[in-house]
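>>> Dropping a prediction and its sequence here:
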Amino acid sequence: MYWQTFTILLVLLTAGCGSESTASLDSLGTVPGGTTANTASQTCNDHTDDRGENSISGRSIVLSNKAGGSANVDATVTSSRGDSTAHSGALTNNAAPVRSTTPRPAEDDYRHHVAALLAKLPGDGFHVVIEKPFVVIGDERPEQVERYAQQTIQWAVKRLKQDFFQQDPRHIIDIWLFKDKDSYDYHVEKLFGRRPHTPFGYYSSSDGAMVMNIGKGSGTLVHEIVHPFVEVDFPKCPSWFNEGLGSLYEQCGDRNGKIYGYTNWRLPGLQQAIRDGKVPTFETLCSTTTHQFYREDPGTNYAQARYLCYYLQEQELLRTFYRRFRSAHGDDPTGYQTLQSVLGETDMAAFQKRWEKWVLELRFPE
């Protein structure tokens, strides 16, 4: 009988955070580990998080899975103070990943979820880090996967919740980080039974997963993190604002302890569309259906939505718009009336002309 053994290092990081991180824009798209993404990639900065001595409690769990059997878990929990507690228990390895019906998944939900992941891992070169509400799975070195979990995912989640979101996703979401195109293409088809529709990465609510070609940069990762939070915090958010807000943080950094979107690779195409007179009115953009947004000139739609959010950010109105739109959605499902109100504009045609002139003056890289 053939036995296959997987060994996984899990690092559980508590929700507490230490002092603020600082970051500056890397316009070349350097991602953690020193890899440089091409100029068409979506990139967010790597961040260093300085922490107090007791701000993180680390849990290292070694799981051994024999194919066809169960995963016996013997875990030693070690806090930053050095104390430890031993845990053991049997977890079945053929369960589906947990979608908890409770507002926040419990500790046992994560244990069983990880055991289910163990059964379906496509190889022994994967490492898992629990970064609630996510479980991060990557095929790079353990310290690199942990670095993404702490310095990109934890960093972004803290700031997005601080500025926008009142609720966490109600179920555990997997984040698959594949090191390059070959790994991404192969494993997406192997794990999900289909070829990826984008070279960067995507979020699938039905799969409960974000799937990333992390070799292209971490900007898509931050973009996609926005979507499950919008899904629970603003479930009727229209596609234009959901994608505009997500794409704002494809190129991002820290400014005064808050997440800040920079200009990015979508700018030149939008500027050309403005010169060609092909950018729709904001009323048209806000009124797009999901099908229209994604299928009818999605390049311009994404860019226009992103740089409207960028403008609101620069005017310190983005958080106000999000909260007012979420509250007023029943009366204003497209957000257009709320946009007019937040901007203080009655003549939106005149505003669009000023906005287009402002966009044409922007530069990427900055």
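That came through fine. Just so we're clear, the structure is a prediction, and the values are computed from it rather than from any experiment.

>>> what's the closest non-adjacent residue to the most centrally placed residue in the chain?
Residue closest to the average C-alpha location in the chain (Cα atoms, centre = their mean): Ile225, at 2.0 Å. Computed as Cβ to Cβ, 6 or more residues apart in numbering, the closest residue to Ile225 that is not its neighbour in sequence is Ala156, at 5.5 Å. C-beta coordinates here come from the backbone N, C-alpha and C atoms, glycine included.

>>> Now do the same contact list for that neighbour.
If you count contacts by Cβ atoms under 8 Å, 6 or more residues apart in numbering, Ala156 has them with Cys44, Leu221, Val222, Ile225, Tyr249, Cys252, Ile259.

>>> again with Val145
Residues counted as contacts of Val145 (Cβ under 8 Å, 6+ apart) are His127, Val128, Val129, Val136, Ile137, Gly138, Leu177.

>>> Please apply the same query to Arg324.
Thr338, Ser341, Val342.

>>> now those residues: which count as buried?
Restricting those to buried positions leaves Thr338, Val342, with burial counted as 16 or more other Cβ atoms under 10 Å.

>>> Output the helix or strand encompassing Tyr202 as PDB, nothing but the C-alphas.
In this structure, Tyr202 sits in strand 201-204 according to DSSP states H and E. Presented in PDB, the C-alpha positions along strand 201-204 are these (Å, rounded to 0.1, in the frame of the first residue of the first chain):
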ATOM      1  CA  GLY A 201      -5.800  36.100  -9.900                       C
ATOM      2  CA  TYR A 202      -9.400  36.200  -8.800                       C
ATOM      3  CA  TYR A 203     -11.900  35.700  -5.900                       C
ATOM      4  CA  SER A 204     -14.600  33.000  -6.200                       C
END
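
>>> Now do that strand: which elements does it pack against?
strand 209-213, helix 219-233 (3 or more Cβ pairs under 8 Å, 6 or more residues apart in numbering; DSSP states H and E).

>>> which of these is buried the deepest?
strand 209-213 (a mean of 25; mean count of other Cβ atoms under 10 Å).

>>> Now do it: everything it contacts.
If you take Cβ under 8 Å, 6+ apart as the criterion, strand 209-213 is touched by 134, 173-178, 180-181, 183-184, 188, 192, 196, 199-204, 220-221, 224-225, 228.

>>> what is the orientation angle of it with helix 219-233?
In this structure, strand 209-213 runs at an angle of 170 degrees to helix 219-233, with axes from the mean of the first three to the mean of the last three Cα atoms, to 10 degrees as the basis.

>>> hey, where'd the helices end up in the chain?
Taking DSSP state H as the criterion, the chain contains helices spanning 107-120, 142-148, 155-163, 181-192, 219-233, 239-248, 267-275, 282-287, 290-295, 298-314, 318-328, 336-343, 348-360.

>>> how far is the fifth one from where the chain is centred?
For helix 219-233, the separation from the chain centroid amounts to 5 Å (computed by Cα atoms, centre = their mean, to the nearest Å).

>>> Give the rounded mean pLDDT of it.
pLDDT averaged over helix 219-233 equals 97, rounded to a whole number.

>>> Show me what that helix is packed up against.
In terms of contacts (3+ Cβ pairs under 8 Å, 6+ apart), helix 219-233 is packed against helix 155-163, strand 173-178, strand 201-204, strand 209-213, helix 239-248.
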